[in-house]
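> I need the structure of the sequence given here:
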Amino acid sequence: MKDLKTISEGDNYAAIELGAYANLMDHSFLHPKLNLEVQGKVFTGEALKATGTEISFQVLPARAEISFLHTHKTHEEIYVFLKGSGQFQVDGNIIDVKEGTVIRVSPEGKRAWRNNSDEPLTFMVIQSKSGSLEYFNVADGSRVEGKINWEK
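Predicted structure coming up:
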C-alpha cells in the first residue's frame, strides 16, 4: 500500500501528493465494514485534514464491478469520471459513463458502478454534507490584499 505524501502544510492549508493517476493501483484501502482490501482506491480527507469534504480516487479494473448497492447517512457524492468507460446505477437507473461524465447522488440514492469495458475506469468521488452548500460558483469568494510571491 502506497502512502500519501504531505508536501506542504500551514495553519490554513495542507498539500499532498498521491502520485500519477496511472499509478493509482499502487494504493489500497482496507474497507472497515467489509474487512476487504480494495486495490486502486485512496481517500485524501484525513491526510488533507479536511473538515467538510472527503475526496477519494479509484481505479476499477477492466470488467470489474461493485457488487452491492450503498447509500450514505449525510453525505452527497459527486462522481467525476477521469478516464475509461463503464456504467453507473442509481435508484435502478443505468447511466453510461466515460471521461468527462459527472454525477451527483443524494445520500439516499442507491448506487453501484461497473466497468464493462476492456480498459481501467478511473474516477474521483467528492463527498460533502448534503444541504451544506450556501453559494454556487464564486459567490463565496472574496478578494484580499496581499503580495503574490512566486519566487521561493
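> residue ranges for the helices of the protein, please.
Secondary structure of the chain by DSSP state H: the helices cover 45-48.
> middle-most residue in it, spatially?
Val125 (2.4 Å; CA atoms, centre = their mean).
> can you pull the contacts of the residue nearest to Ala64 when sequence neighbours are not counted?
Sequence neighbours aside, Asn115 is the residue nearest to Ala64 in space, at 5.3 Å (criterion: CB to CB, 6 or more residues apart in numbering). For the C-beta atoms, the positions are set from N, CA and C on the backbone; glycine is no exception. Contact analysis of Asn115 by CB atoms under 8 Å, 6 or more residues apart in numbering lists Leu60, Pro61, Ala62, Arg63, Ala64, Glu65, Gly84, Ser85, Gly86, Leu121.
> confidence score at Asn115?
Confidence at Asn115, expressed as pLDDT, is 98.
> Let me see the ranges of the strands in this structure.
For the chain, the strands defined by DSSP state E occupy 5-10, 13-17, 28-31, 36-39, 41-43, 53-60, 75-83, 85-90, 93-98, 102-105, 111-114, 121-129.
> Compare those and give me the one nearest Trp150.
strand 5-10 (14.8 Å; CB to CB).
> Could you tell me the angle between the closest one and strand 13-17?
Interaxial angle of strand 5-10 relative to strand 13-17 (axes from the mean of the first three to the mean of the last three CA atoms, to 10 degrees): 170 degrees.
> got a list of what the residue nearest to the centre of the chain touches?
Ile55, Ser56, Phe57, Gln58, Glu77, Ile78, Tyr79, Val80.
> Show me just the buried residues among these.
Buried members of the contacts of Val125, scored by 16 or more other CB atoms under 10 Å, are Ile55, Ser56, Phe57, Gln58, Glu77, Tyr79, Val80.
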